[in-house]
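In: model this:
(2 chains)
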Amino acid sequence: MTAVQEKPKAVAPSGPPPRRRGKRATALAGTDKLVLALMLGIPTVVHLLFVWIPTLGSVALSFSRWNGIGGFEDIEWIGVGNYVEIFSEYPRFWPAVQHNLIWLAFLLVVPTAAGLLLAVLLDRELRFSRIYQSALYMPMVLSLALVGFIWQLIYTPDGGLLNSVLGLDKPVDWIGDSDINLYAVLVAAAWRHTGYIMLLYLAGLKSVDPALKEAASLDGASASQTFFRVTFPVMKPVNIVVAVVTVIEALRAFDIVYVINKGRNGLELLSVLVTDNIIGEASRIGRGSAVAVILLTISLGVIIPYLYQVFSKENRT
Amino acid sequence: MTATLERPVPAKKAPIRPARIALHVFLVLTCLMTLTPLLWAVYASLRTYEDTSVNGYFSVAKSLTFENFAKAWEIGDLPHFYWNTFLITVPALVITLVLSSMVAFAVSRFSFKFNIALLMLFTAGNLLPQQVIVTPLWRLYRLIELPAWMSESESLIDSPLGVILIHIAFQMGFCTFVLSNYMKTIPYELTEAARVDGASVFRQYWQLTLPLCRPVLAALATLEFTWIYNDFLWALVLIQDGDKMPVTSALQNLKGTFFTDNNLIAAGSLLVALPTLVVFFVLQRQFVGGLTLGSTKG
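Out: Got it, this is the predicted structure:
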């Protein structure tokens, strides 16, 4: 950082007066222009080709009937037929929507509350704070697939930790019973998600101006009043990030249910309905793409407000 | 931290003790609960099949052994799958950082009209659920033919190259976002001065800006390593030959290989988790720092 500040001082006097920012691009030499074009162009092309073109592809294919194996000439365009079918006949669709919604609600409530509480508790001068934080962050580095494996050792009816601790006469099949397996899996997913939320809130709490809290307590606010009326509202940007991260996480959920039972028997999710068409037995690309478009629509519902929030702030500064 | 020093709280010091103890008790219990699943897996992995099948898992171990790890390592052919992961993770990680730092440099040093739009595109792309992309991508990969020296399957499907490419394309969004935010904090005068001295754009990027970004690059590298290592979906869909799978996606097959020997499954899972756990313990500051950087501005 010191280097950053010293260098221009030494050089600036000899150079021409600094130009306006807007003129920089025009003042470039030919090779520099080419280099810049490549630096911007190659990554952008890669990103567009492998992320956005397939996204548009999903939208297009959602209006088609196709098995995905044959050539493009086999594609039959059927308009909104896939959507009609999904909403009215496809038996796995509404359960999947319901499960995704439960997933979202659960993640929005449990890990957020737990993460916020832990962040508040740890946001102080505290002995062993680093050790606590390390322990709480640890699940975060495991893949959701691994989380599925590790938690099966807890849930399994034969010798699993949970049944042993509960000591019930008849062991509960936490994973096999379609009435409860979603919640069992959600506990595992929340286990991993809590550390991340705690991390976000810890960073958020550190960025809150202490003078605000001080002013509130001088005005006679209690600790909880200070938190809920001052600190929490000031952390609005963090709250938005937490909301976005959680919604996206809930929509992406796939690995853990796939590892456990390939997303069947009470663990259907929208993501499973999409992938079933390429790696599962169904091969109805059109219908799968229509589900993907539904996922896309929901996710854009949070992505666009988020981008607006982040980049409009950027424009102002 | 300064807050606690500045705040006038002389009265609070004495009666705080019992509350502090309660806080520590609560935190210790929470941490233990958090670690329980992992510790349980470690415990199961250290016991023999004979022991647990007779006494159950919820019992005091007769003896502890590393046998399961050796067995899982061998039966699961783990070195082979670690190698597959390595072949995907390292190139994907390096190229992602190079490409995204280029975009971030261009966007933060030059004011093109499309800067914000481009950043938005990258950021949005990274937030999409993978399933939105995966079907057409899978078909696109089957379409793209490659010479045999680039891919055994002669197309992007069933090739590590294809998985590397989608990791790059997808992860670039996050890295570009974080790096451009960081580069904006580097004074303009620096590159301005270098240009006046006749440094080319590439030198301004490679020799001037990148070295200053070392801390962020380290943080991003740590994060991206765990994310790419942990990927399950891309490889599962884009690689059909089980032999070419990276280790995380290969777990699924290992489950079949290990039958229902939970001790082996526990050992295998821990072995797969090991690289990310090591990275976490050694580079925790970078890991946490990277995630924080990604969140403070977005």
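
In: Going by C-alpha atoms from here, please, whenever you check contacts or count neighbours.
Out: Noted.

In: Just the pLDDT at B:L5, thanks.
Out: On pLDDT, B:L5 comes in at 46.

In: With the one 3 residues further on instead?
Out: According to the prediction, B:P8 has pLDDT 49.

In: ditto for A:R21
Out: 48.

In: got it, and B:Y182?
Out: 91.

In: Can you give me the buried ones in whichever strand or helix holds it?
Out: Using DSSP states H and E, B:Y182 falls within helix B:160-183. Within helix B:160-183, the residues that qualify as buried are B:160-183, counting by 16 or more other C-alpha atoms under 10 Å in any protein chain shown.

In: cool, stretch A:254-271 as well?
Out: Buried residues in stretch A:254-271 (16+ other C-alpha under 10 Å): A:254-260, A:262-264, A:266-271.

In: Check those one by one and keep those near chain B.
Out: Counting by C-alpha under 8 Å from any C-alpha of the partner chain, A:F254, A:D255, A:V259, A:S271 from the buried residues of stretch A:254-271 sit close to chain B.

In: Tell me how chain A divides into domains.
Out: Using automatic domain parsing, the domain ranges for chain A come out as A:2-61, A:92-283.

In: contacting residues for A:Y201?
Out: A:G115, A:L116, A:A119, A:V238 (C-alpha atoms under 8 Å, 6 or more residues apart in numbering or on different chains).

In: if you set the cut-off to 6 Å instead, what comes out?
Out: A:A119 (C-alpha atoms under 6 Å, 6 or more residues apart in numbering or on different chains).

In: Can you name every helix or strand that the host helix or strand of B:A266 contacts?
Out: Take DSSP H and E as the rule and B:A266 turns out to sit in helix B:262-282. Applying 3 or more C-alpha pairs under 6 Å, 6 or more residues apart in numbering or on different chains; DSSP states H and E, we find helix B:262-282 packed against helix B:17-45, helix B:67-75.

In: tell me the mean pLDDT over that helix?
Out: Rounded mean pLDDT across helix B:262-282 is 91.

In: quick one: whichever residue of the stretch 101-250 of chain A sits closest to chain B and B:S249, what's the gap?
Out: Residue of the stretch 101-250 of chain A nearest chain B, by C-alpha to the nearest C-alpha: A:S143 (4.8 Å). Taking C-alpha to C-alpha, to the nearest Å as the measure, A:S143 and B:S249 are separated by 10 Å.

In: Which one of the two is surrounded by more residues?
Out: More crowded of A:S143 and B:S249, by other C-alpha atoms under 10 Å in any protein chain shown: B:S249, with 27 against 24.

In: surely the more buried one meets B:F232?
Out: Yes: counting by C-alpha atoms under 6 Å, B:F232 is a contact partner of B:S249 at 5.0 Å.

In: for chain B, which spans come out with low pLDDT?
Out: By pLDDT under 70, the weakly predicted segments of chain B are B:1-16, B:257-259, B:296-298.

In: So which residues on it come close to chain A?
Out: Proximity of chain B to chain A (C-alpha under 6 Å from any C-alpha of the partner chain) is limited to residues B:3, B:31, B:56-57, B:99, B:102-103, B:111, B:129, B:131-133, B:136-137, B:169, B:189-190, B:193, B:201, B:230.

In: Domain map for chain B?
Out: Split by automatic domain parsing, chain B gives B:14-71, B:77-296.

In: hey, which of the ones you listed is tucked in deepest?
Out: domain B:77-296 (a mean of 20; mean count of other C-alpha atoms under 10 Å in any protein chain shown).

In: How much space separates the closest residue in space to B:L165 that isn't next to it in sequence from A:L108?
Out: Closest residue to B:L165 apart from its sequence neighbours, by C-alpha to C-alpha, 6 or more residues apart in numbering or on different chains: B:A92 at 7.2 Å. B:A92 is 32 Å from A:L108, where distance means C-alpha to C-alpha.

In: Next: A:L218.
Out: On the measure of C-alpha to C-alpha, A:L218 and A:L108 end up 33 Å apart.

In: between the two, which one's more packed in?
Out: Per other C-alpha under 10 Å, whichever of A:L218 and A:L108 has more neighbours is A:L108, with 18 against 10.

In: Would you mind measuring the gap between the ends of stretch B:202-213?
Out: Using C-alpha to C-alpha, the end-to-end distance of stretch B:202-213 comes to 15 Å.

In: and it, how far from the chain's centre?
Out: Computed by C-alpha atoms, centre = their mean, to the nearest Å, the chain-centroid distance of stretch B:202-213 equals 25 Å.
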